[in-house]
Structures are given as structure tokens and as C-alpha cells.
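1. Give me the fold of what follows.
(chains A and B)
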Amino acid sequence: MNIEFSKIFQGFEVIAYQWETDWKVVIARVVLMLLGIVLVYLGRKGVLEPLLMIPMGLGMSTINAGMMFFDPINMAAKTTVDAHKIGTLFLDSIESNNDHLMTLCQIDWLQPVYTFAFSNGLIACLIFIGIGSLLDIGFIMARPFQSMFIALFAELGTFLTLPIAMLFPNMKLGEAASIALVGGADGPMVLFGSLKMAPDLFVPITVVAYLYLALAYGGFPYLIRFLVPKKLRGIAMPAEKKTFKATAEEKLIFAVIACVLLSFLFPVASPLFFALFLGIAIRESGLEKFQYLVSEIVLYGSTLSLGLLLGVLCDAKTIMSPAVLPLLILGMLSLGLSAVGGLIGGYLMYFFTGGKYNPVIGIAGVSCVPSTAKVAQKEASKENPGAIIMQYALGANICGVITTAIITAIYISMVMATK
Amino acid sequence: MSAALQIMFTAIILGSIVGFAVSGLIYVLCKIISLTSKDDSEEMAHAVAIAVALSKKG
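-> A predicted model of the protein is given here:
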């Protein structure tokens, strides 16, 4: 019996074949393998969000390493196998034929999670239930208009990136609106929005969104230091004469009314509204067992699945698509503009209140719960340990989720109406 | 492009109206159920506790 080592260690054979047919893919694979390792390292160091970056980075490295000659559909159908078809045993994000998908679900280990939970927005909604169960809407109820003002300014990138994106050649309206949603800094919202408006590009758009959201955690502190002088960063918020303290029942009433009202106004985003307010309702109803289930098991289980899938979707072929470069530029632009917009809102509040408002709170309007609120508090504490701005930052933060959901709903409704 | 601008302006106007309407709803709700005014210290203590917990988590 002839032992063919190239068949046993198939990775070398695949690399050699790809080098002959398209050497750029080989370079991209190596770069992505290294990038994945860097993401794991930065996640472990706490520079990037570790909950997402560690599974994502490892998935990215592994998917680009674990490529082989594999034609599962023809193998299962016992028809002529394409000997040079390159695939993996993880998933196939391109396949859309229902029969083929059922076959793949029995072969690729992540295909069922991708098909039944990711590509229909289920993971986005599960994460939203988990996030909702962690949100204390009492922070918004204490100062609703102030929080909403900041949150709307922090949507600057979401608003401006849409027409800017249309300046790029071959950019469709749905794709432009989807990438603009990155400015809302809510990953599940981008996933949900791109599924509805740009189904062909939802994988790269979602990957770009989560990559930037992780980078925002490390990059926003530098933006704050660049745009807000030291003296203003340390402003301690004065104690308010009168604030509302809502009871759990009152928060529940608000959650129910807001959920029904917003779902009535924007049916296209009602799954998102429902998921978010269901989480809030569970929290405020005192259902401890459900609260534990959604805030621990569902949220972290979904985050792990999401991180894994996002990493595994970063194969060289997807990332090298010509559509990805504009998405990378626009995603960064959208998130950057929203951060600047939030700080402008913070500055306006600073002027309106006669210098009694810490403008750093503005960054928390860029939802990304609770990362940006944590960033705002950390930056304020660095300059003045007595500056406690967390309650204001969380109000703007939670309002940011609501405004992003509203804008997502408007974008989806209007884009779908143009089709 | 004109469709994009139209959607953008609609989103700004409608987003602001609905956003502030939600804020108004919260405000009215708080008024209707006659929430009593209170000292800020409880909320401040809550916020400090969250800030400390989050900073410990890194």
C-alpha cells in the first residue's frame, strides 16, 4: 500500500493547490490565522472584549488552518465529487438550497447553529433578552429627556454613513443602511438589520460590526482623551435636588407599554423590541429563576455561539470579497462619527447646564451596553476619583439601545418599501 | 442617493420624535403614578456599587 503523506497531511496539499490557482488566498489565510491569534491575545489582556474575542479569534485562526478538499453535497448524494472543492467541517455560509442545507446540517458541526440560530436572527434576539434582563431602566426613568438627548446625538454615524455609503460604487441601499447601523454599536441590531436589508452581505457586515465593537472598547478612551480636555473629564456631577425612583412594578408597566407601542409602530423590528423588553419584564417581575436563565445561561451561551460563528465565518474567501473593503471603511466611519456625535451631545449638555455636566457621559450614548458606560466612568475616575457619572452614563447607554432599535426599524421599513 | 438622503432625514426626524415620545411616556408615567421625590443618595449608592463592581471585573 502506497502511503501518500500529502493525503494524510492535507493542509499542505491544499496550500500548494491554492498557491498555484490563487496565491492571494494563501496570503489572506496566513494573515487571518495570525490576526486570530492576536485577537485571542488582546482579548486575554483585556484590551478587546474577551467574551467575544477569544472564541472569535480562535475560530478565525482555526477555520483558515482547517481547510481541506471536501465536497460534502456530492459525497452525500453519491454523485461525481469535485476533487478540488475546498471546504471545512465547520459550516457553509453560502449554501441556500434547502436539501443541501439539511445534508450539511448532518455533516458540518456548526451548520445547525448557523442555519437555525444565526441566519434567522435568533441569536440576536436571545442576546437581546439577556441584555434586557441586565438593564435597569430606572436610570432612564430618572432623567428620560437628558438620556434621550445624548442617545440621539450618539446616532450621528448611523445617520450620516447612509448617504456617504451610497457614494461608493455598486453599493446598494440595503447594504448602505446595514453598514450604517454599525454606528448604533449594537451587534444584534446590525445582525438583524443586515439579515433583513442585505441578506447577501450580512455575514461580512456582521463580522465587521463585531470586530469594530470590540475595538471600540479599546479605542474610545483615546478618542475621549483627544476630544475632551482633562479638566472637563473630571467634572463631578452635582447631586440632583429631585430624581424619580421607580419601583419594579412601575418599570414593568413602562416595559409592557413601550414594547407594545414600539412593536405597533415598527412591526419589522418587533422581535428585537419584544426580546429587549421581555428581558426587562423578567427582571422587574422578580422571576429569579428566569432571570438567572436569561442573564447567565442564555446570554453567555449565545455570546459564545456568536463569537464562534463570527470567527468561523472569517474564512479567507469571505474576507477577500471586494465588498468587504468598503464595509471596513464605512463601519469604522460610522462608529467613529457616533462617538464624536455622543461627545458633541455631552458638550451641549455641558453648555446648557452652565458647566455642570461631564461631557464624557456623551460617549455612553453609543449604546454597546455596558462597555461605553464603563469606559466613560473609567475615564472620569482617572481624572477625578470622586466623579461618579455611572448613573448618567447608564441612562444614556440604555437609551442608546432604544434609539438604535427605533432607527433600525425605520431603516428596515423604508429600505424594504423601496424594493 | 436621493433615496438615501430621504431615509436619513426621515430617520433623524422620526427617530427624534419617537425617541422623545418614549421619554415623554416615561415622564408622564412617572407623574401619573405619583412617584415621590427622594434623596439622591440611594441612587448614588447604587451607581457607586455598579461602578466598583464593573471596575473590579475590568
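2. how close does the nearest residue in space to residue A:143 that is not next to it in sequence sit to residue A:142?
-> Leaving aside its chain neighbours, residue A:143 sits nearest to residue A:395 (5.7 Å; criterion: Cβ to Cβ, 6 or more residues apart in numbering or on different chains). Backbone N, C-alpha and C define where each C-beta goes, glycine included. In this view, residue A:395 and residue A:142 are 6 Å apart by Cβ to Cβ, to the nearest Å.
3. Please apply the same query to residue A:66.
-> 51 Å.
4. what about the two, which has more around it?
-> residue A:142 (25 against 16; other Cβ atoms under 10 Å in any protein chain shown).
5. Tell me which stretches of the stretch 1-150 of chain A form helices.
-> Taking DSSP state H, counting those that start in this stretch, the helices of the stretch 1-150 of chain A run over residues A:5-8, A:10-21, A:23-45, A:50-65, A:72-77, A:98-105, A:111-113, A:122-134, A:138-142, A:144-153.
6. Tell me which of those approaches residue A:302 most closely.
-> Nearest to residue A:302 among the helices of the stretch 1-150 of chain A is helix A:122-134; the distance by Cβ to Cβ comes to 4.2 Å.
7. what's the average pLDDT for the closest one?
-> Taken as a whole, helix A:122-134 has an average pLDDT of 90.
8. Touching it from outside, list them.
-> Residues from elsewhere that reach helix A:122-134 (Cβ atoms under 8 Å, 6 or more residues apart in numbering or on different chains): A:116-117, A:187-189, A:191-192, A:271-272, A:274-283, A:291, A:294-295, A:298-303, A:305-306, A:309, A:369-370, A:401.
9. now do 7 Å
-> For helix A:122-134, the surrounding residues in contact (Cβ atoms under 7 Å, 6 or more residues apart in numbering or on different chains) are A:117, A:188, A:191-192, A:271-272, A:275-280, A:282-283, A:291, A:294-295, A:298-299, A:302-303, A:305-306, A:369.
10. before we move on, what about stretch A:263-275?
-> So stretch A:263-275 is contacted by A:121, A:125, A:128-129, A:132, A:189, A:192, A:196, A:259, A:262, A:405-406, A:408-409, A:412-413, A:416, B:18 (Cβ under 7 Å, 6+ apart).
11. Give me the below-cutoff pLDDT ranges for chain B.
-> B:1, B:33-48, B:50-58 (pLDDT under 70).
12. The one residue in the stretch 251-400 of chain A that gets nearest to chain B - how many residues pack around it?
-> Nearest to chain B in the stretch 251-400 of chain A, going by Cβ to the nearest Cβ, is residue A:391, at a distance of 3.7 Å. Neighbour count for residue A:391, taken as other Cβ under 10 Å: 26.
13. so how far is residue A:221 from it?
-> 20 Å.
14. hang on, the earlier thing: can you list phi and psi of the residue nearest to residue A:143 for me?
-> Torsion angles at residue A:395 (phi, psi; degrees, to the nearest 10) stand at phi -60, psi -50.
15. Could you pull up the residues touching it?
-> Residue A:395 touches A:139, A:140, A:142, A:143, A:147, counting by Cβ under 7 Å, 6+ apart.
16. again, only using 10 Å
-> Applying Cβ atoms under 10 Å, 6 or more residues apart in numbering or on different chains, we find residue A:395 in contact with A:136-144, A:146-148, A:150-151, A:361, A:364-365, A:373.
17. next one: stretch A:300-308 to chain centre, how far?
-> 12 Å (Cα atoms, centre = their mean, to the nearest Å).
18. for that stretch, what is the average pLDDT?
-> 92.
19. So, low pLDDT: which residues of the stretch 101-250 of chain A?
-> Residues of the stretch 101-250 of chain A that meet the cut-off, pLDDT under 70, sit at A:240-244.
20. Tell me which residue in it sits closest to chain B.
-> Nearest residue of the stretch 101-250 of chain A to chain B: residue A:144, at 3.8 Å (Cβ to the nearest Cβ).
21. quick one: what helix or strand has the residue lying closest to residue A:130 once chain neighbours are set aside in it?
-> If the residues on either side of it in the chain are set aside, residue A:130 comes closest to residue A:299, at 2.6 Å by Cβ to Cβ, 6+ apart. Element membership of residue A:299, judged by DSSP states H and E, is helix A:299-312.
22. May I see the buried residues of that helix?
-> A:299, A:302, A:303, A:305, A:306, A:307, A:308, A:309, A:310, A:311, A:312 (16 or more other Cβ atoms under 10 Å in any protein chain shown).
23. what's the last one in contact with, if anything?
-> Which is residue A:312. If a contact means Cβ under 10 Å, 6+ apart, then residue A:312 has A:55-56, A:58-60, A:62-64, A:66, A:88, A:90-91, A:93, A:108-110, A:113-114 as its contacts.
24. which of those count as buried?
-> Restricting these to buried positions leaves A:55-56, A:58-60, A:62-64, A:66, A:88, A:90-91, A:93, A:108, A:110, A:113-114, with burial counted as 16+ other Cβ under 10 Å.
25. what's the overlap in contacts for residue A:395 and residue A:142?
-> residue A:136.
26. Show me the helices in chain B, by range?
-> Using DSSP state H, the helices of chain B run over B:2-32, B:41-57.
27. Could you tell me how many residues sit around residue 31?
-> Using chain A. Count around residue A:31 with other Cβ under 10 Å applied: 13.
28. Chain B was what I was after
-> 10.
29. What distance do you get for it to chain A?
-> 9 Å (Cβ to the nearest Cβ, to the nearest Å).
30. residues touching residue A:205, list them.
-> A:175, A:178-179, A:181-182, A:190-191, A:193-195, A:197-198, A:323-324, A:327, A:330-331.
31. Give me the nearest residue to it, chain neighbours excluded.
-> Residue A:205's closest residue in space is residue A:194 (Cβ to Cβ, 6+ apart), at 4.3 Å.
32. The one you found - how many residues pack around it?
-> There are 27 residues near residue A:194, going by other Cβ under 10 Å.
33. right, and it touches residue A:175 too?
-> Yes: Residue A:194 is within contact range of residue A:175, at 8.1 Å (criterion: Cβ atoms under 10 Å).
34. quick one: common contacting residues for those two?
-> Listed contacts common to residue A:194 and residue A:175 are A:200, A:201, A:202, A:204, A:205; contacts here mean Cβ under 10 Å, 6+ apart.
35. List only buried entries from those.
-> Buried, going by 16+ other Cβ under 10 Å: A:201, A:202, A:204, A:205, out of these.
36. what helix or strand is the nearest residue to the first one once chain neighbours are set aside on?
-> I take that to be residue A:201. In this structure, residue A:201 finds its nearest non-sequential neighbour in residue A:175, 5.4 Å apart by Cβ to Cβ, 6+ apart. For residue A:175, the host element (DSSP H and E) is helix A:173-180.
37. what angle do that helix and helix B:2-32 make?
-> 50 degrees (axes from the mean of the first three to the mean of the last three Cα atoms, to 10 degrees).
38. and the helix or strand just after helix A:173-180, what does it pack onto?
-> Going down the chain from helix A:173-180, the next helix or strand is helix A:187-197, by DSSP H and E. Secondary-structure packing of helix A:187-197 (3 or more Cβ pairs under 10 Å, 6 or more residues apart in numbering or on different chains; DSSP states H and E): helix A:122-134, helix A:173-180, helix A:202-227, helix A:270-285, helix A:299-312, helix A:390-418.
39. between those helices, which gets nearest to residue A:383?
-> Closest approach to residue A:383 among the helices and strands packed on helix A:187-197 (Cβ to Cβ): helix A:202-227, 9.7 Å.
40. Great, nothing more from me.
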